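In: Could you work out the structure for the sequence below:
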Amino acid sequence: MDLEKPSAAQPVTQATARPGTQAEGCLAVAIRLPVRIVVLVLVVPVRMVWDALVVGGRFLRDTLFRPLGRALGLVLGWVARALFVWPWVALWRYVLRPVGEALARLGHVLLVVPAVWLYRTVLTPLGHALAWTARKAGALLAAVFAGALAAFMWSVKGVLTALDWILRGVEAVCGWVYARLLTPVGRAVARVLKGVGLVLGAVAFGVYTAFAWLARYLLVVPALWLYTWVLTPVGRAVAFLADGFVRIVRMIFVGIGAALYWTARVLLVLPALAVWRWILVPVGRALAVVAREIGEALGHAWRVAGYVSRAVGRFLARLFRWTFVEPARWAYRTVLTPVGHAVRDLVLRPAAEVARGIRRTARQALESARDGARQARADFRRMLFGAPPEPQPVARREPAGGETRTLGSSTTALMKD
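Out: Have a look, this model is predicted:
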């Protein structure tokens, strides 16, 4: 932010005073006022209709649709509860649960009690007897197995001793044969093979030397001379000719490309650039200015139409209030309120008291019927399955609390009698 004053040598221009804005052309200034007048005339009725629809929609939403939706939700909730929840609750409470309890008691009497008696009186003694028999049989089998294992180990030990003596004799015989027979024969055969190997090595070295000399002077030296004095000059000449041919072809293609480039530039690019620069860009700028002015005019007209619509709405609201609301309020305060108070005190309150007494009597009768049904169900259950067993008192293993200290008693050893 520049805090210094501009000097006389630097005059303040429109661009320096407002750097964020651009100078507007004569086209924008010429079309702004007519466009805004036409758009205002067209937009004001649309905005007033739109505001009327918005007010009507809000009124219907607050006074009709929202209470109707809440009432419909409550009704549908009660209907869904009556159709889907209460029948299942009644079925569970009055049918499935009593039947389940009866089946549980019947299963306990028919299955659990006989199974417990069978386990205690039959299976437990039988299991103890089988366990004692199994222990005795296991001890006897262990003793027999230990004796048989000891006998088998003694027999295996004797067989292993005999095999050891046999192997020692075979080892002595094999050692004498190796030392007295195989060693002299092997040494003689090794000396003979060594002499034969020396002779064969000398012959192979001579043959290799002769073949190497012949291959050098019959193949390597002519091939080297042919590569040096024939193939190398021919290859260099072929490479020079190929390089010249490639350069000529490259120059031909470069010339053709340059000709095509300048032809396309002159015939296509320069006309297209001229059309873009001198026709499309000015027309686009003019259309952009017109579109911007129409948009700004629409926004301005919409805001002005909003003010006009608000003023008309307030006038109509005041007119409706003076015409209908105030007379209705005066009639409600001066006529309907006293009549309503009289009806409330003389008719509605006595009727409410009577309805409250009827409701209380019906609730008491319903409670009595429910207690009678509960008692009948308990008597029927007691008649079928008998009375439930009384809980047995459990002996407490905690020590009893000490007695309360009084003036005539003491808990210390010195004060006891």
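
In: so what pLDDT did Gly73 get?
Out: Looking at Gly73, its pLDDT is 88.

In: where's it, which helix or strand?
Out: Following DSSP states H and E, one finds Gly73 within helix 66-80.

In: One more: Ala305?
Out: helix 281-320.

In: Counting neighbours, which bits of that helix end up buried?
Out: Residues of helix 281-320 classed as buried: 289, 293-294, 297-298, 300-302, 304-306, 308-309 (neighbour count, 16 or more other CB atoms under 10 Å). (Glycine included, C-beta is placed from N, CA and C.)

In: Save those residues as JSON lines, and put in pLDDT too.
Out: Output for the buried residues of helix 281-320, formatted as JSON lines (pLDDT from 0 to 100):
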{"residue": "Val289", "pLDDT": "78"}
{"residue": "Glu293", "pLDDT": "78"}
{"residue": "Ile294", "pLDDT": "81"}
{"residue": "Ala297", "pLDDT": "78"}
{"residue": "Leu298", "pLDDT": "79"}
{"residue": "His300", "pLDDT": "79"}
{"residue": "Ala301", "pLDDT": "78"}
{"residue": "Trp302", "pLDDT": "82"}
{"residue": "Val304", "pLDDT": "81"}
{"residue": "Ala305", "pLDDT": "78"}
{"residue": "Gly306", "pLDDT": "80"}
{"residue": "Val308", "pLDDT": "81"}
{"residue": "Ser309", "pLDDT": "80"}
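
In: can you list the residues you listed in TSV and add distance to Gly175?
Out: Output for the buried residues of helix 281-320, formatted as TSV (distance: CB to CB, whole Å):
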residue	distance to Gly175
Val289	123
Glu293	125
Ile294	124
Ala297	127
Leu298	123
His300	127
Ala301	128
Trp302	124
Val304	131
Ala305	130
Gly306	127
Val308	134
Ser309	131
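
In: Just the closest of these to Val54, please.
Out: Ser309 (9.8 Å; CB to CB).

In: any idea how far the closest one is from Val44?
Out: Distance, Ser309 to Val44, using CB to CB, to the nearest Å: 8 Å.

In: next one: Gly127
Out: Plainly put, Gly127 is 104 Å away from Val44 if you go by CB to CB.

In: same question, Phe240
Out: 90 Å.

In: and these two? which has more neighbours close in?
Out: Val44 (18 against 10; other CB atoms under 10 Å).

In: The host helix or strand of that one packs against which elements?
Out: Element membership for Val44 (DSSP H and E) is helix 26-60. Applying 3 or more CB pairs under 8 Å, 6 or more residues apart in numbering; DSSP states H and E, one finds that helix 26-60 contacts helix 281-320.

In: Could you point out the helix or strand that follows the helix it packs on?
Out: helix 326-331.

In: Just name whatever secondary elements that following helix is in contact with.
Out: Using 3+ CB pairs under 8 Å, 6+ apart: helix 326-331 touches no other helix or strand.

In: where's that helix relative to the chain centroid, distance-wise?
Out: Taking CA atoms, centre = their mean, to the nearest Å, one finds helix 326-331 lying 63 Å from the centre of the chain it belongs to.
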